[in-house]
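# 3D model of this:
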Amino acid sequence: MDEDDLHKLEAVGSEIAFGAGQMLIERGKPGTGLYLVLEGKIVVEAPEGTRELGPGSVVGERALLSEDGTRSARVRALTFGKVIAVDRAEVDRLCAEDPGFAERLAAVS
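Residues are numbered from 1 along each chain as shown. This is a model prediction of the structure:
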């Protein structure tokens, strides 16, 4: 995703603060949206491994692009931080307006 894509997500989302240890995404739950990390560190625990991410990272996109819409990973905060939460309807709208957006979002996975 490029800087313009990140700005599009910021424009349609809501800022949410999180504390260290807070669960952002629970594996196996329905995907209702995605998160763009603004501040802090998070950890993604997926079947293929664990990785730490920080500002500029996008998580939660897999469930939005999958057929069953189920979360494939657990995501929790390592530190205090902030994210932009973007709900599924807004992501669907952005993908409909710009088919390339969906491709760039899929590349994040």
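# where's the residue of the chain most remote from its centre relative to D5, distance?
Centroid-distance maximum for the chain: E97 at 19.3 Å, with CA atoms, centre = their mean. As judged by CB to CB, to the nearest Å, E97 and D5 stand 12 Å apart. All C-beta spots, glycine's among them, are computed from the backbone N, C-alpha and C.
# burial of G40, as a residue count?
Per other CB atoms under 10 Å, the neighbour tally for G40 reads 19.
# can you report phi and psi for the closest residue to it other than its chain neighbours?
The shortest distance from G40 to any non-neighbouring residue, by CB to CB, 6 or more residues apart in numbering, is to G81 (1.8 Å). Taking degrees, to the nearest 10, you get phi -170, psi -170 for the backbone angles of G81.
# was I right to think G81 contacts V37?
Yes: using CB atoms under 8 Å, G81 makes contact with V37 at a distance of 6.7 Å.
# run through the helices of the protein in chain order.
Assigned by DSSP state H, the helices in the chain fall at 3-12, 61-65, 88-97, 99-108.
# pretty sure P47 contacts R74?
No: here P47 does not reach R74: they are 10.3 Å apart, not a contact under CB under 8 Å.
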